[in-house]
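Participant: how would this look folded up:
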Amino acid sequence: MGAGKTTVGKLVAEKLNRQFIDTDELIEEEFKMPPSQIFKVYGEKVFREKEKSLITSLNEEKNLVLSLGGGAFLQEDIRTVCLSKATVILLDISFECWKERLDLIIDSRPVLHGKTIEEMEQLYNNRREIYSNHQLKISTDNKSPEQIADEILEKV
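Facilitator: Residues are numbered from 1 along each chain as shown. This is a model prediction of the structure:
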């Protein structure tokens, strides 16, 4: 969440001449409201079910670059399908650098609403455990999106 998946994903897709898909954006288009509003109106469960269905379907297609929402990988079924059918790349951002982006991301991240910085750090740490399942890890601290995309291409 807030590591630059969409920005970097678009650059990687462009450099590979592949289609880029942000799964949160597709869900937003279908519901005609942002994820934060979907959470409020329909609840997290509805959002997560749609997310799982969409990501499972997209993993059957070829030549895509997908950006999954920060909470998608918390679902074991999504982790399993992604790890078996795709190259999963973790954009690894330190908590200190992540905190610097907080003002830019908090409004669009419903799981952060009403949380203290300590609760956010706990969420960050809990997700890091889940995110340890990947094929490639790229540190994003103090790098531009272009540098990160180039590093991904070099390693993939």
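
Participant: Tell me where this protein has helices.
Facilitator: 5-16, 23-31, 35-42, 44-58, 76-85, 95-100, 102-105, 117-131, 145-155 (DSSP state H).

Participant: Comparing those helices by mean pLDDT, which bottoms out?
Facilitator: Across the helices of the chain, helix 102-105 has the smallest mean pLDDT, namely a mean of 67.

Participant: okay, the helices of the chain, which one's buried deepest?
Facilitator: helix 5-16 (a mean of 18; mean count of other CB atoms under 10 Å). Heads up, the C-betas are built off the backbone N, CA and C, glycines and all.

Participant: who does that helix touch, helix- and strand-wise?
Facilitator: Under the contact criterion of 3 or more CB pairs under 8 Å, 6 or more residues apart in numbering; DSSP states H and E, helix 5-16 touches strand 19-22, strand 64-67, helix 145-155.

Participant: again, 10 Å this time
Facilitator: strand 19-22, helix 23-31, strand 64-67, strand 89-92, helix 145-155 (3 or more CB pairs under 10 Å, 6 or more residues apart in numbering; DSSP states H and E).

Participant: Tabulate those (TSV), appending distance to Gly4.
Facilitator: Output for the helices and strands packed on helix 5-16, formatted as TSV (distance: least, CB to CB, whole Å):
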stretch	distance to Gly4
strand 19-22	12
helix 23-31	14
strand 64-67	9
strand 89-92	6
helix 145-155	6
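
Participant: Out of these, flag the one nearest Asn133.
Facilitator: strand 89-92 (8.7 Å; CB to CB).

Participant: Please spell out which residues along that closest one are buried.
Facilitator: 89-91 (16 or more other CB atoms under 10 Å).

Participant: For Ile21, list each beta-bridge partner.
Facilitator: Following DSSP bridges, Ile21 is listed with bridge partners Leu66.

Participant: ok, it - contacts?
Facilitator: Listed by CB atoms under 10 Å, 6 or more residues apart in numbering, the contact partners of Ile21 are 9, 13, 54-55, 58, 61, 64-68.

Participant: before we move on, back to that, out of the helices of the chain, flag the one nearest Ser139.
Facilitator: Of all the helices of the chain, helix 145-155 comes closest under CB to CB, at 8.7 Å.

Participant: For that closest one, name the packing helices and strands.
Facilitator: Against helix 145-155 (3+ CB pairs under 10 Å, 6+ apart) you get helix 5-16, strand 89-92, strand 136-139.
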